[in-house]
Every structure is written in C-alpha cells, then in structure tokens.
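# below are the sequence and a predicted model for it; my questions follow.
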Amino acid sequence: MKHILKILVNNHPGVMSHVSGLFTRRSYNIDSIAVGVTQDPEISNMVIVVKGDDSVVEQVKRQLLKLPDVIEVEDLAYHDCISRELVLVVVKVEDSNRTEIISICEVFQAKIADLTKTTMTVEFSGNTRQVEHFLEMMQKYGIQEIARTGQIALKYRST
Amino acid sequence: MPKTEAKISGARLMVELLEEYGVDIVFGYPGGAILPFYDELYKSTKIKHILVRHEQGAIHMAEGYARSTGKLGVCIATSGPGATNLVTGLTDAKLDSVPILAITGQVATNAIGTDAFQEADIYGITIPITKYNALIKSADDIARHFQEATLVALGGRPGPVLLDFPKDVQTELTSVRKVDKLKIDSRHYQKPPIGGDLDSFAAALNKAKRPLLYVGGGAINANASKEIKELAEKGNIPVTTTLMGIGAFPGTHQLSVGMLGMHGTAYANKAVLECDYILNLGARFDDRVAKPGEFAENAIRAHIDIDTAEFNKRVSVDYLLHGDLKEVLKALIPKVNKVDRPEWVGFLDTLKKNHPLEFDDSTDTIKPQGFLQKLYEKSKGKAIVSTDVGQHQMWAAQYFLFEEANRWLTSGGLGTMGYGLPAAIGAKFGNPNKTVICVSGDGSIQMNIQELATIAMYKKGVKILIFNNNFLGMVRQWQELFYEERFSESEWNYNPDFVKLGEAYSIKGLRISNKSEIDKALEFFLEDDDARILEVMIPAEEKVFPMIPAGKSQKDMIEFSDTVRAGKK
C-alpha cells in the first residue's frame, strides 16, 4: 500500500542526503520525493511517497524521527489529503492528429507549453491517478520524453 | 546570539568548549588540516592528548574509555585518510550505541570540492554511521554545532557524532561562544516521558508463570542495573543477557542464566523456549539472538526501550513501554507482584546442572575455556575485560562473569576485529587503578597491533592475552561445520613471534602450550601493573559450543554433548 509522508526538515545542505540515505540503507522503496521550502525559510517540506504495509511505514517514520534534522513526520492518508504532481510530456504530432491531441488536452485542462512541427510539449498537473490517466491517453501518440516532479501534498482543511 | 567582547580563533574555542564540558582526555593523531587545533591543544593544561599509531586505534580507545567510564569519548583526526580511518570505529560505536565525539580536520572551505590534497567528504561518508554530523562552515557556528553534537551523542540512545572542521574555520576569529537556541529538537537529548500503559504491562507480567528478563546493552547505557536486580528479585524472574548486556545483572546471581543467543548458554536458550513471558530490557532482538517468527514463540513478548524504532523492528511484541529504562523500571516495579517461583527457578537450576558449559579437558593441551576459567578466578572477577572478535570473544563471554556494568568491552554489533587492544588501552586510561585485560586471537590482535607502541609510550599496564591457533578460529569453525572442512584462507602460514614483538616495545611476554604451565603463566601475567603479553597456544580444532547456526532458532542449538554423541570429538 502507498503512504504519503509529509516530512518537515531543517533547510540546510545535506539534509536531503540524510533522509534519502536512510531510505537507501534500510532498503525502503521511494516512489517519489519532492522537496520545497515552507513559509519559514529555515524549514523545508519533503513529501515522500513510499510503498509498504503499515508496519514498514511505521518503522520508516520512527527511523526518520531519529534524524536530528527531521522536525516532524506525518503520514497523510490518501483520502484525507490534496495531492498534486506536475508532469511535462513531449508527444509526437502529425498534421492528421494535432487537433485530436489538442482536444484531449482541453478535456484534461492540460496546457500546451511548446509546439513544433513534429512535437508538442504538454504540461499537466493533477493527482497521481489523473497523471497516470493523462499519460495513458498520450501514449498512443508516441511519448518522447517525460519529466515528473513527484507528488506534493497537504491535508484537507475542511472537516 | 549573545556575544562576548574578545574574539578567539575557532580552534581555541573548540579546545575551550571541550574543557568546559569536562573532557580531560582525547585520543588522536595530528595532520595538516587539523594543525591549528593541535596548536591550541598544546597550550591546554586541562586536556591530555594520547597519541596513537593509527586513527582506528584512536576511536576504539575513545570507545573503550567511554564504555568503561560512562563518559563521552573524544577522538581527533586530520582530513582525508585520517578521517576515513575513523569510519570503522564510528560504525562500531553506532551499532553498539557508544557516545563518541569525533573531530576531524578538513581542507579550507575554499578548497572543499576541488579534490584538494587530503580531501575527503567525511561529512557525506559518515551520514549513515553517525547519530549527528556536521561540516562547520563558520567559526560562528562552532558553539551551536558543539553543543548539539555532544547533547546528541550522550542523549537518548547514545551514539557517535562527527564535527568536520575546515582549516580556515579553525583560524577564523569568533566571539560567539554560547547559543540560546539549538536547531535540533529536544527529543534528541532530553529524557522522554514514559510512553505506554504501565498497568496493562505490569498486569501481563504478573500473570506470567515462567517469566524471563532478556537484558541488552541499553540497560548499561541507562545505568539500570540496580532496578533490574530489584525487579528480578521481587518477581523471582530469571535473567539472561545479550553479549552487550553482560554485566548489567550480576553474573554470579542465582537468578542469572548467562548469555543467550548464537553462543549463549544452553540453559539460557532453553529458558527462552520454555518461558511464557519474555521481557526485553534495552535489547534489540538482534539476529544473533532472535529469529523473527520463532523467537520465544510460545511466550508473551514485552519490550522496554528508549528508541521507538526498535519496537517491532524484527520481532513483534505484545506489550511495549517507551522511555529511559531506569525511569520506566522505577515506575514499573511497584506494580509488579512479589512472587516466589520455586518451580520455574528450580527448573532452570536443573537445566544449569544438566546442560553446563563444557569442553574436553582430558589432554595436556591448553583449552581456552579452562584457561579463561582460571584467569577469571585469578583476577577475582574484578578486571575490565576487552575482547576482539572471534572464538576467543565468545569463550570470554561464556567463562567470565561480571558483577557490575562497564567491565565488559566487546564489539557486539559490528564485530570489529582490532577493537580489543585499543579499547583496553582506552579503558586503562579511564580506570588507571583497575586491571585491564585484552583477550584476543592471533588473527584479531594483528588488526591493530601497532597500538603496542601507545602502551609502551604511556607505560600503560594493559594485559594482552593472545589465544594462538594459527587460524582464524571462528572462520575455521564455520568451515568445519558448514563448508565440509574446506579451510579456505583461514589458516595462517605465518605469525610473528608475539613475545619478541612485545619485547621490541619493552613489553614483557611469555608463550605457553602445556596445561602444566598455566598457573605460573597467570602469575607472570597478573603479578604487577605492567603491560604483559601472554601467548597461549591452543588446538586449532577447538570449537565454541553451544552454537545456534546462523539464521536458525533456539530449537536448533547444537551443544558440546551433541558433538560427542555424534562421535566428532
């Protein structure tokens, strides 16, 4: 099962190595990792998506909390948080299918970021399922390159 | 940050902080990138520096010092190769939870990352093997890093920390000598409040008919011996310890069943199989002790630890309490019933009688087990004993009994050959009036044998016992039992003359190979407080029993008597 861990860490060099190194040496699998600074410039927010049963994730959390630069670890339940991932995808286009691709992008509310005679670079953001779904739709036109950010997430504030 | 008027150099500040912290001895080796620090150390009247012959020796000495005194162990190395030579010791200290502060020199900040002479990214290298580490980029940061590092090293579950100290930061002037606000959370150094339900925990223990205490190194770090004894005696609960827990409960106590695990006593391992409740006190269900799914499978399992990451890590438990072991036990003991358990204690007494530690003593050759029994008697059980790693380590763990904590120094988690000699030297510096014995093998001793020079230079009366079988004994034992006697690279074709080698350092030595020589040899070994080397020739085929093969459980234990029955002896 997938878990989304929201990890607040001190924002200084080396912290990323400490955290990702912990995953490597304890052989925990990272699905995605995304880091950005918070409203407090001294603190960064890392969102790590891990696969594993509850006991493994519990162990991951406890090991993380032993790192001096880790301030807080929160296990966000999927249904309880708003998560987004940004993807940039380059697809092949031909004159015959250009409008078809553009209309799919409209349906998904994806943005066309770049266009050439033979390629289209599309920007799409959504939760992991939507991203997967969008990429699946693009697959048939021939994907040339993908860049994904990994998930970021926040808890829903409404109760 | 409060500032004082006078500015001092980073190196001066580091030395002053060490002094303020009460550090009076450091172990180290100078080099280019740490010279400003050494220059300040030269002027210090409070800190004694012990010059070693290899940085690995320095950190193991700091470990031996820390483990025998309960204080912070400090070691110093220069950049690059000096720093990387600390890696084994840092890993050792991490696995055995030893509070160590390692200070390393680093190339100047403007040279970092340029592959400068003697540059190594020791900060990056030591991330996974330290509890805390930092590359100090400005002299103004020294006070905070020092405070954080030392607090983390000694706080909670202790461990090693490393401060990497660029040469220009050592000479840079600063007036920041104290910090108001630390960047790390107080959970890393303050005692946690007791977590868990004491009442249900105690109720389960009170219901047990055949309880067993399983005591680990955490008990020694928490200084909880008194409370463990109180709990054991109140509930008449037998006690077994891990290799790391030896000494946390008096080895001669009638409730002691000795060490458990791979080479533990038969009665301890049988007690694990028979108990209906096992209470882990500061141990970590290590793989040399516990096989997940099969460890004490008929028992209720309970665990008290200061490190929550140890809960359910390898073995699942039914009850747990989080906190400082001493504090938790203080709260728990009043809730534990006073019970006599004549049947259960009597059962274990019978086990002890019927399944003692045994070996074949019928020949004239010296058997290490019998030798250690005599050494134990002669040293009256008062000595501090360090060991290296291998058969001699297990025999020493089996045949030496300790009445108190911090007398048994061994590399438990990492199994570091080369640990014993420097650890003994460090312990002797911390305990000048105690007899310190290093038990080693002909293989292990050669991994840090250069530290004989440190013994000679400081005239430290460390007693070095070398069991020589011209083999890597434990490797041979495994090859004999599990690799059809193919002794691949375990036989030594060449050993130095250890006695002559000692003489080269003005250390008196003696070699014996016949049982009749033991008494005289022990007299020579222990007669005064001078260093001695005693080389004891032992048969190569001698093995450590009992033995639980790797990856197996208590049910699969092989006892000495089994090998006799199988006609292998």
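Done, it's in. Numbering: from 1, shown residues only, chains lettered A, B, ... in the order given.

# which residues of chain A fall in helices?
Secondary structure of chain A (DSSP state H): helices at A:15-25, A:54-65, A:98-108, A:128-139.

# Serialize those helices to a markdown table and add fields for distance to chain B and mean neighbour count.
Every C-beta, even on glycine, is put in place using the N, C-alpha and C of the backbone. As requested, these are exported to a markdown table (distance: least, Cβ to the nearest Cβ, whole Å; neighbours: other Cβ atoms under 10 Å in any protein chain shown):
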| stretch | distance to chain B | mean neighbour count |
| --- | --- | --- |
| helix A:15-25 | 5 | 16 |
| helix A:54-65 | 4 | 18 |
| helix A:98-108 | 41 | 14 |
| helix A:128-139 | 28 | 16 |
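
# mind putting those in TSV, mean pLDDT included?
Formatted as TSV, these follow (pLDDT from 0 to 100):
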stretch	mean pLDDT
helix A:15-25	91
helix A:54-65	92
helix A:98-108	95
helix A:128-139	94
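
# format those helices as CSV; extra columns: distance to residue B:330.
Shown next, in CSV, are the helices of chain A (distance: least, Cβ to Cβ, whole Å):
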stretch, distance to residue B:330
helix A:15-25, 33
helix A:54-65, 25
helix A:98-108, 62
helix A:128-139, 49
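
# nearest to residue B:136, of those helices?
helix A:15-25 (16.0 Å; Cβ to Cβ).

# now do that closest one: everything it contacts.
A:7, A:9, A:28-30, A:33, A:35, A:44, A:46, A:48, A:50, A:60, A:63-64, A:67, A:69-70, B:124, B:127-128 (Cβ atoms under 8 Å, 6 or more residues apart in numbering or on different chains).

# tally of neighbours for the closest residue to chain A within the stretch 151-300 of chain B?
In the stretch 151-300 of chain B, the residue that lies nearest chain A is residue B:184 (4.4 Å; Cβ to the nearest Cβ). Number of residues near residue B:184 (other Cβ atoms under 10 Å in any protein chain shown) recorded here: 21.

# repeat that for the one 5 residues further on.
By the criterion of other Cβ under 10 Å, residue B:189 has 18 neighbours.

# enumerate every residue touching it.
By Cβ under 8 Å, 6+ apart, residue B:189 lies in contact with B:151, B:152, B:154, B:155, B:156.

# and it, what pLDDT?
On pLDDT, residue B:189 comes in at 92.

# likewise for residue B:568?
Residue B:568 is given a pLDDT of 56.

# quick one: residue A:90 and chain B, what's the gap?
Computed as Cβ to the nearest Cβ, to the nearest Å, the residue A:90 to chain B distance reads 34 Å.

# what's the mean pLDDT across stretch B:533-548?
Per-residue scores along stretch B:533-548 average to 96.

# now swap in stretch B:227-238 and tell me
On average, stretch B:227-238 scores 98.

# what of stretch B:116-123?
pLDDT averaged over stretch B:116-123 gives 97.

# that one near chain A anywhere?
Yes: using Cβ under 8 Å from any Cβ of the partner chain, stretch B:116-123 comes into contact with chain A via residue B:123.

# how far does that stretch sit from the chain's center?
Centre-to-centre, stretch B:116-123 and its host chain are 29 Å apart (Cα atoms, centre = their mean, to the nearest Å).

# follow-up on the earlier one: quick one: which of the contacts of residue B:189 has the most company?
residue B:152 (24 neighbours).

# that one: what's it in contact with?
Residue B:152 sits next to A:68, B:131, B:132, B:159, B:161, B:184, B:188, B:189 when contact means Cβ under 8 Å, 6+ apart.

# and the furthest pair within these?
Within the contacts of residue B:152, two members stand farthest from each other by Cβ to Cβ: B:159 and B:184, at 13.6 Å.

# residues shared between the contacts of the two?
Contact criterion Cβ under 8 Å, 6+ apart; residues shared by residue B:159 and residue B:184: B:132, B:152.

# any idea how far the spatially closest residue to residue A:110 that is not a sequence neighbour is from residue B:368?
Excluding the flanking residues, the one nearest residue A:110 by Cβ to Cβ, 6 or more residues apart in numbering or on different chains is residue A:124, at 4.0 Å. As for residue A:124, its distance to residue B:368 is 71 Å (criterion: Cβ to Cβ, to the nearest Å).

# residue A:136 now?
In terms of Cβ to Cβ, residue A:136 sits 68 Å off from residue B:368.

# equivalent analysis for residue A:93, please.
79 Å.

# the two: which is more packed in?
Neighbours per residue (other Cβ under 10 Å) separate residue A:93 from residue B:368, with residue B:368 holding more: 26 against 20.

# OK, contacts around that one?
B:391, B:392, B:395, B:467, B:536, B:538, B:542.

# bridged to the fifth one, which residues?
Listed by DSSP bridges, the beta-bridge partners for residue B:536 are residue B:467, residue B:512.

# hmm, it is touching residue B:469, no?
No: counting by Cβ atoms under 8 Å, no contact exists between residue B:536 and residue B:469, whose distance comes to 9.5 Å.

# count the residues that sit near whatever residue of the stretch 251-400 of chain B ends up closest to chain A.
Residue of the stretch 251-400 of chain B nearest chain A, by Cβ to the nearest Cβ: residue B:309 (3.8 Å). Residues contacting residue B:309 under the criterion other Cβ under 10 Å number 19.

# distance-wise, check the closest residue to it other than its chain neighbours relative to residue A:5.
Using Cβ to Cβ, 6+ apart and skipping residues adjacent in sequence, the residue nearest residue B:309 is residue A:62, 3.8 Å away. For residue A:62, the distance to residue A:5 equals 12 Å [Cβ to Cβ].

# same thing with residue B:446?
According to Cβ to Cβ, residue B:446 and residue A:5 sit 47 Å apart.

# leaving out chain neighbours, which residue sits closest to residue B:26?
Nearest to residue B:26 is residue B:74, by Cβ to Cβ, 6+ apart, at 4.4 Å.

# can you pull the residues of the stretch 101-250 of chain B lying near chain A?
Selection of the stretch 101-250 of chain B residues close to chain A by Cβ under 8 Å from any Cβ yields B:123-124, B:127-128, B:131-132, B:135, B:148, B:152, B:183-185, B:187-188.

# of the residues you listed, keep whichever come out buried.
Neighbour counting with 16 or more other Cβ atoms under 10 Å in any protein chain shown marks B:123, B:127, B:128, B:131, B:132, B:135, B:148, B:152, B:184, B:188 as buried within those.

# go ahead and confirm the residue nearest to residue B:309 touches residue B:320.
No: look at residue A:62 against residue B:320 with Cβ under 8 Å: they stay out of range, at 12.0 Å.

# give me the number of residues near residue B:563?
16.

# what does the helix or strand where it lies contact?
Counting by DSSP states H and E, the element that carries residue B:563 is helix B:560-565. Here helix B:560-565 makes contact (Cβ under 8 Å, 6+ apart) with B:355, B:357, B:358, B:359, B:360, B:543, B:545, B:546, B:569.

# how about the first one, nearest residue that isn't a chain neighbour?
Same thing as residue B:355. Among residues not flanking residue B:355 along the chain, residue B:266 sits closest, at 3.7 Å (Cβ to Cβ, 6+ apart).

# how far away is the one you found from residue B:558?
Going from residue B:266 to residue B:558 by Cβ to Cβ gives 10 Å.

# list the residues that contact both of these two?
Counting by Cβ under 8 Å, 6+ apart, the common neighbours of residue B:266 and residue B:558 are residue B:546.

# domain ranges for chain A?
Segmentation of chain A into domains, based on the TED database, reads A:2-76, A:83-155.

# nearest to residue B:235, out of these?
Across the domains of chain A, closest to residue B:235 is domain A:2-76 (Cβ to Cβ), at 29.7 Å.

# how far is the closest one from where the chain is centred?
Domain A:2-76 has its C-alpha centroid displaced from the chain centroid by 14 Å (Cα atoms, centre = their mean).
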